[in-house]
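1. A predicted structure for the sequence below; I have some questions about it.
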Amino acid sequence: MVSPKTALVTGGAGFIGSHLVDRLIESSYRVVVMDNLKTGRLRRLPPEVNFHHADVSSAAVDEIFIREKPNVVFHLAAQISVRDSIRNPVPDAEANILGTLRLMHAARRHGVEKLVFSSTGGALYGNPDTLPCREDHPIRPLSPYGLGKSVGEMYLELYRQTYRLNYAALRYGNVYGPRQDPQGEAGVIAIFCMAILENKQPRIFGGGEQQRDFVYVKDVVDANILALNDEVVGPYNIGSGVGTSINQIYAMLGKVLRYRKKAVHSPARLGDVHRIILDSTKAGRDMGWQPKTGLAEGLELTAAYFRGALRRTPA
Ligand SMILES: NC(=O)c1ccc[n+]([C@@H]2O[C@H](COP(=O)([O-])OP(=O)(O)OC[C@H]3O[C@@H](n4cnc5c(N)ncnc54)[C@H](O)[C@@H]3O)[C@@H](O)[C@H]2O)c1
């Protein structure tokens, strides 16, 4: 019998990571998770997972590679708050730049076949000159978070050229769906869902006409799996190609959850781009990826999850 491949998922106890873990287990991988549980939750992980409570910027990384011998690595662990990256850029760089470097260094030394990096399409291009934005648009991040992801990508490219480490960097739009943290600063759909369900008035930063490219979490998981193909190398936008304003999201969720109150507006936030829409033609061409879940369906699924979550008691 052929022994199963081992996949290491950093940040596997997080929102996107835990959905990826579920898919990998369904696909018969042996799954190892490394997570410092900063925003991750152990209860999101199925019992089959080999869990290591460890930080990607610590020396534990090498020990985990020696012990677990992963064939492929999905690197999702990150400091994900744009605001925190502006307030505290040093810990952001430690996790997102040094952590990514430490991980790819271990991946190279231990002969990993593929490293799939969770990058960002929302925080990399700044306010783009052209929309939808392609991968070859200039990189002009407005925050240390965006800059750190871009440095991670540059290191990966250096490691590919120098050591032939095969990688794909997936530049996600605004990912949403079940399990997203409604207490976080990002994840506007989760935040609105929970506020509405708890009958608290949601807050919109700025006028609400700022546009984002929303992509459903299961579609992002598909992209991670497809990126394992040897021929899929370098950066790929992963978005819907459609810009949706925060005011539109508010109105759509209001319909789904039958909520009629007006939102409260607060001043716009530093580091937020005004409009971002991603062109994912390259992902379609090279890996056959396409978003399958439309926004209306994705919002229904997400709202249903949060309705259920309110009834469940967390483990
Ligand atoms: N959610 C989005 O819209 C979005 C958009 C673009 C990119 N991304 C990227 O996708 C990845 C996953 O994001 P998410 O939305 O699931 O966030 P999340 O916060 O739910 O997941 C991140 C996980 O990483 C863990 N973690 C954080 N720092 C760590 C460290 N130093 N060492 C080990 N573990 C650490 C957290 O505990 C958490 O489980 C991140 O790299 C993020 O930058 C997310």
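-> Cool, got the structure.
2. Return the residues of the stretch 101-250 of the chain in contact with the ligand.
-> The stretch 101-250 of the chain comes close to the ligand at residues 118, 120, 122, 172, 174, 175, 181, 186, as judged by C-beta under 6 Å from any ligand atom. Where you see a C-beta, it was placed from the backbone N, CA and C, and this is true even at glycine.
3. taking those one by one, which sit in strands?
-> Residues of those located in strands (DSSP state E): 118, 120, 172, 174, 175.
4. Just to check, the fourth one is in contact with residue 191?
-> No: here residue 174 does not reach residue 191: they are 11.8 Å apart, not a contact under C-beta atoms under 8 Å.
5. More neighbours: which of these two?
-> Using other C-beta atoms under 10 Å as the criterion, residue 174 and residue 191 rank with residue 174 on top: 21 against 18.
6. Quick one: residues contacting the more buried one.
-> Counting by C-beta atoms under 8 Å, 6 or more residues apart in numbering, residue 174 makes contact with 122, 186, 188, 212, 213, 214, 215.
7. and if we set it to 6 Å?
-> Going by C-beta atoms under 6 Å, 6 or more residues apart in numbering, residue 174 touches 122, 212, 214.
8. cool, and residue 238?
-> Shown in contact with residue 238 (C-beta under 6 Å, 6+ apart): 170, 172, 223, 280, 283.
9. same deal with residue 50?
-> residue 32.
10. All the helices of the stretch 151-300 of the chain, residue numbers only.
-> Here the stretch 151-300 of the chain has its helices, by DSSP state H, counting those that start in this stretch, at 188-197, 217-226, 246-256, 281-287, 295-311.
11. Format those as a markdown table; extra columns: distance to residue 28 and mean pLDDT.
-> A markdown table is the format used below for the helices of the stretch 151-300 of the chain (distance: least, C-beta to C-beta, whole Å; pLDDT from 0 to 100):
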| stretch | distance to residue 28 | mean pLDDT |
| --- | --- | --- |
| helix 188-197 | 30 | 95 |
| helix 217-226 | 12 | 98 |
| helix 246-256 | 35 | 96 |
| helix 281-287 | 21 | 98 |
| helix 295-311 | 26 | 95 |
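12. Now these in TSV, please, with extra columns for distance to residue 86.
-> Compiled in TSV, those are given as follows (distance: least, C-beta to C-beta, whole Å):
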stretch	distance to residue 86
helix 188-197	18
helix 217-226	25
helix 246-256	20
helix 281-287	29
helix 295-311	28
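13. Which one, of those helices, ends up nearest to residue 128?
-> Each of those has some distance to residue 128 by C-beta to C-beta; the shortest is helix 281-287, at 15.3 Å.
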